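Engineer: Structure, please.
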Amino acid sequence: MDLISIIVPAYNIENYIARCLDSILAQTYTELQIIIVDDGSTDGTPQICDEYVTKDSRIKVIHKKNGGVSTARNAGLKEATGKYIGYVDPDDYIEPDMYERMHRAMINNPVDLVICSYSQMGPGAEKYNFSGKEILLSKEEALDAYICDNRDFHIFNSVWSKFYARELVENIKFTVGHDSEDILYTTEALANCKGCVFIDIPLYNYQVAREGSIMNSFRKLADRRLNDEIPFLFEQIDYFRVKGLEAEAQKDEYHVYRRLGFYYIDFRKRKMKDAAKKLAGIVRKDKKQVRDIFDREFVKAGDRKRMKMFLFSPGLYYHVNNLYEKTILKIRSK
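Structural biologist: Numbers count the residues shown, from 1 in each chain. Below you'll find the model as predicted:
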């Protein structure tokens, strides 16, 4: 059997780590190397991890000084010897047949990347409809679904819903010192893959807004979006251009600025006025460039009008959107 290395970064997660590790140990695919990277935890996490080493010889624990999830994942990847690589976050858990299904899809198709759907758990969890299908995608099709946020394919930034051939990712590193580190890692993997299989079955269970997590605070949300996620999104555009993927870069520019419009509305709804003002400044910094992006042929007419309004007046854009949600959307939902 092929060896699969599963990397679990762990920091102060004593209430969840056992559930996570139990789900990995319950995998129907058994040829596993499970690398837990304790990132300088100060609670009971290190002791729990060490206890699991005594339960199963497939588990290895690395204890290191706290440096963030990127350093933990990089440390795990350095120790990984498997032909395939997977990531599981310690507050989540996986279905028993996750890696068996993903490994089978990998070896039965000419691909070096497999992606699965996932279920959300906890307050604010979204519900999805899953087709149960396995779909073979070319690199171009996978990139298009990723860039355009196509909800028929859950090809998002997260690394934990993905299964990688080692040679695809062994030279990709997580950026240290920033959150939203998954963005560039996933971008590089997709831009360099041969193709991928998308399994529309929720094989991964994702914990939403865990207490104490970075997304559980408005201030942290603003910091993460403004200082980490948005700069990474612009780096993503640059990376496509470096790889000679100009069509993808142009389409990505459109979707990044479109996303920033949604983030502006979200900040305003949360009464995060300073964050909204900063975001508006990012969008309006070069109005001519943004207008040129939204004048491209593939841009939807409605998005073009909304961006012109945003560039003219972010406040007007917000109030018109609110009016639209309170009237048109309510009428359509009846």
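
Engineer: K162 contacts V114, doesn't it?
Structural biologist: Yes: when contacts are counted by Cβ atoms under 8 Å, K162 is listed as touching V114 (7.0 Å). All C-beta atoms are positioned from the backbone trio N, CA, C, and that covers glycine.

Engineer: Neighbours of F310, how many?
Structural biologist: Neighbour count of F310, defined by other Cβ atoms under 10 Å: 26.

Engineer: whoops, I mixed them up, I17
Structural biologist: I17: 24 neighbours (other Cβ under 10 Å).

Engineer: and it, what does it touch?
Structural biologist: Counting by Cβ atoms under 8 Å, 6 or more residues apart in numbering, I17 makes contact with A10, T45, I48, C49, P90.

Engineer: List the ones among the residues you listed that fall in strands.
Structural biologist: A10 (DSSP state E).

Engineer: what are the ranges of the helices in the stretch 151-300 of the chain?
Structural biologist: 166-169, 182-192, 218-223, 230-242, 246-269, 273-284, 287-294 (DSSP state H, counting those that start in this stretch).

Engineer: now for the ones you listed, which one comes closest to G68?
Structural biologist: helix 182-192 (12.8 Å; Cβ to Cβ).

Engineer: list the helices and strands the closest one packs on?
Structural biologist: For helix 182-192, the elements it packs on are helix 139-147, strand 162-165, helix 166-169, helix 230-242, judged by 3 or more Cβ pairs under 8 Å, 6 or more residues apart in numbering; DSSP states H and E.

Engineer: Just the mean pLDDT for it, thanks.
Structural biologist: Averaging pLDDT along helix 182-192 yields 95.

Engineer: Return the distance of F312 relative to N192.
Structural biologist: Distance, F312 to N192, by Cβ to Cβ, to the nearest Å: 40 Å.

Engineer: and what of Y93?
Structural biologist: On the measure of Cβ to Cβ, Y93 and N192 end up 29 Å apart.

Engineer: what's the closest non-adjacent residue to R224?
Structural biologist: In space, R224 comes closest to D179 once its chain neighbours are excluded; the distance is 5.0 Å by Cβ to Cβ, 6 or more residues apart in numbering.

Engineer: mind listing what the one you found touches?
Structural biologist: V69, I214, R224, D228, E229.

Engineer: can you give me phi and psi for the first one?
Structural biologist: When quoted as degrees, to the nearest 10, the phi and psi of V69 stand at phi -60, psi -30.

Engineer: roughly how far apart are the residue nearest to D182 when sequence neighbours are not counted and Y52?
Structural biologist: Spatially, and ignoring its direct neighbours in sequence, D182 is nearest to N157 (4.3 Å; Cβ to Cβ, 6+ apart). In this view, N157 and Y52 are 28 Å apart by Cβ to Cβ.

Engineer: The helices and strands packed on helix 182-192: which one's closest to I282?
Structural biologist: Closest to I282 of the helices and strands packed on helix 182-192 is helix 230-242 (Cβ to Cβ; 6.6 Å).

Engineer: Name the surrounding residues that touch that closest one.
Structural biologist: By Cβ under 8 Å, 6+ apart, helix 230-242 touches 175, 178, 180-181, 183-184, 187-188, 191, 246, 248-249, 252-253, 256, 259-260, 279, 282.

Engineer: Following element in sequence after the helix or strand encompassing I85, please.
Structural biologist: Assessed by DSSP states H and E, I85 sits inside strand 84-87. Later in the chain than strand 84-87, the nearest helix or strand by DSSP H and E is strand 93-94.

Engineer: so what secondary structure elements neighbour that next one?
Structural biologist: Using 3+ Cβ pairs under 8 Å, 6+ apart as the contact criterion, the elements in contact with strand 93-94 are helix 17-25, strand 195-207.

Engineer: Now which of the contacts of helix 230-242 would you call buried?
Structural biologist: 175, 178, 180-181, 183-184, 187-188, 191, 248-249, 252-253, 256, 260, 279, 282 (16 or more other Cβ atoms under 10 Å).

Engineer: Out of the helices and strands packed on strand 93-94, which one sits most buried?
Structural biologist: Per residue and on average, the most neighbours among the helices and strands packed on strand 93-94 fall to strand 195-207, with a mean of 21 (mean count of other Cβ atoms under 10 Å).

Engineer: so what strands line up beside that one?
Structural biologist: strand 93-94 (antiparallel), strand 113-121 (parallel), strand 134-138 (antiparallel) (DSSP bridges).

Engineer: and N74, which of those is closest to it?
Structural biologist: Of those, nearest to N74 by Cβ to Cβ is strand 113-121, at 19.4 Å.
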